[in-house]
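Novice: The following comprises the amino acid sequence and a computationally predicted model.
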Amino acid sequence: STLEFDECGVCGGDGIADGVCDCDGNVDLGCGCGEVGPSGCDEECGSTLEFDECGVCGGDGIAEGACDCEGNVDLGCGCGEGEPNACGDCGDTDCYELAQGPNLMSFTDLPENQSISSIFEPITNDVYAVLGEGVSSVPMDGSWMGALQEAECSSGYWTILNSSTSLSVSPDGVCSTDQTYNIHYGANLVSYPFYSSQSLSEALPQDVQGTVYGVIGGYEAAYLDETGWLGSLSELNPQSGYWLISSDNTSFTYNSPSNDLVRLESNKEKSNAENLFDEFGVELSTVSSYYFLENALVDDEYLTEAYTIVSKCNDNVVGVRNWTGTFSDIPVMGIDGRESTLGYCDIGDTVELYIIDENGSERKLNGNIHSFSPNSIQVVSLLSTSIETASNFSIVKAYPNPFNPSSTSSFTLLENREVNIGIYNINGQR
């Protein structure tokens, strides 16, 4: 016999069979002869890794604080969505934050039901009145009384509140940003239809600038002269209303801003102008005028930014502004029918301007200051703390003659001036 033992110790055997790796018939699956093959989601030898909920092999799943595999968080309006607006609403709503007292506002867009009662229904108990240009509406016993019954896209409104609150409005695409504004001579209460701000020179078409020469906001104003727009109001803001002051009838469409895709929240952080009103106890009125002061002299020296200007009517402070330079605008509040504005300026009342220095000392500015006219822009030339002496005057002969128990005499001046009147006897005694 020539038989021999094979590699497996079998006499005359065939040895290790084809496809196996040892005498026991095991195969090599990639991890060694007779061992288990690759395993786990990574197909590695000895692996126990699994796919997590995000489909990542051996991953940790959704991160702590996140709401999905993309790392998004839930800010209150669903996973990966935005956060609620100031009104607490999610989705496509406009939120108007309104302060106690007058708010000069406009609607960026309106719901299909444009009635004042429907729009303001959620905050009816907080509303004192809603005023438009020449129209108004007041909530009373469950109804709204007055000529103002529907809101308009192109109009601005004074919304007067008994307490601060917020108003949520669901827009339905009623308003168009390319709507036409028909402007008449004088003051026009209009809307601003965009979701982003623009400077006055950008927003108003060039061919209407000049005809529209003044803009009045809640606490600020602008005046256009040959150098451009002057004053504290430099841009038009979403949700705000404005008085446009025009020298003639005209019409226009606002220029569109370049980035009007983002719905902005109204910013109700108090401005420096509002803080000054609070400091001096001035109530914002729905009736006002702004006096643009070219400059003023204090003891023959021009004003500096250390001074504050206050306006007065009937001995009441009706406006205040820090001096910021040539043609600073000084607000002058008028009577609007509310008790808090009693004693403020009425049509034709004398307006007085005073300066207050950094030490709190107050001095009157003298010169030619126009009487009060509601919702107007007034330009005041150089004023001074110096008192000018009348140089031209006339006295009418006394009647009856001075030898009577009483006598009347009148005098005239070319301009308003402070004068002293003295009466002397024939001996020159006063």
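Specialist: On my side now, so go ahead.
Novice: Point out where the stretch 251-400 of the chain drops to low pLDDT.
Specialist: Applying pLDDT under 70 to the stretch 251-400 of the chain flags residues 260-269, 387-400.
Novice: one more time with 80
Specialist: Where the stretch 251-400 of the chain drops to pLDDT under 80, the residues are 259-270, 386-400.
Novice: And the stretch 1-150 of the chain, by the same measure?
Specialist: 1, 85-86, 91.
Novice: now stretch 339-352, how far from the centre of its chain.
Specialist: Mean C-alpha position of stretch 339-352 versus that of the full chain (Cα atoms, centre = their mean, to the nearest Å) differs by 26 Å.
Novice: Can you give me the buried ones in that stretch?
Specialist: By neighbour count on 16 or more other Cβ atoms under 10 Å, the buried set for stretch 339-352 is 341, 344, 345, 349, 351, 352. Bear in mind the C-beta positions are built from the backbone N, C-alpha and C, glycine included.
Novice: now do stretch 158-173
Specialist: Neighbour-count burial for stretch 158-173 [16+ other Cβ under 10 Å]: 158, 159, 160, 161, 165, 166, 167, 168, 169, 171.
Novice: pLDDT averaged over it - what is it?
Specialist: Taken as a whole, stretch 158-173 carries a mean pLDDT of 94.
Novice: I'd like the distance from it to the chain centre, please.
Specialist: So, by Cα atoms, centre = their mean, the centroid of stretch 158-173 is 14 Å from its chain's centroid.
Novice: now do the same end-to-end measure for that stretch.
Specialist: 23 Å (Cα to Cα, to the nearest Å).
Novice: what do you get for stretch 334-346?
Specialist: Using Cα to Cα, the two ends of stretch 334-346 sit 6 Å apart.
Novice: Check stretch 48-58 too.
Specialist: Termini of stretch 48-58 sit 9 Å apart (Cα to Cα).
Novice: what does that stretch contact?
Specialist: 39, 40, 41, 42, 59, 60, 61, 62, 69 (Cβ atoms under 8 Å, 6 or more residues apart in numbering).
Novice: redo that, cut-off 7 Å
Specialist: 40, 41, 42, 59, 60, 61, 62, 69 (Cβ atoms under 7 Å, 6 or more residues apart in numbering).
Novice: For residue 386, the count of nearby residues, please.
Specialist: Counted with other Cβ atoms under 10 Å, the neighbours of residue 386 add up to 13.
Novice: same thing with residue 202?
Specialist: Considering only other Cβ under 10 Å, residue 202 is surrounded by 15 other residues.
Novice: Please enumerate the strands of the stretch 1-150 of the chain.
Specialist: Listed in chain order, the strands of the stretch 1-150 of the chain (DSSP state E, counting those that start in this stretch) span 94-98, 101-106, 127-131, 136-140, 143-145.
Novice: Redo the ones you listed as JSON lines? Include distance to residue 87 and mean neighbour count.
Specialist: Below are those laid out as JSON lines (distance: least, Cβ to Cβ, whole Å; neighbours: other Cβ atoms under 10 Å):
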{"stretch": "strand 94-98", "distance to residue 87": "4", "mean neighbour count": "21"}
{"stretch": "strand 101-106", "distance to residue 87": "14", "mean neighbour count": "23"}
{"stretch": "strand 127-131", "distance to residue 87": "16", "mean neighbour count": "22"}
{"stretch": "strand 136-140", "distance to residue 87": "20", "mean neighbour count": "18"}
{"stretch": "strand 143-145", "distance to residue 87": "21", "mean neighbour count": "14"}
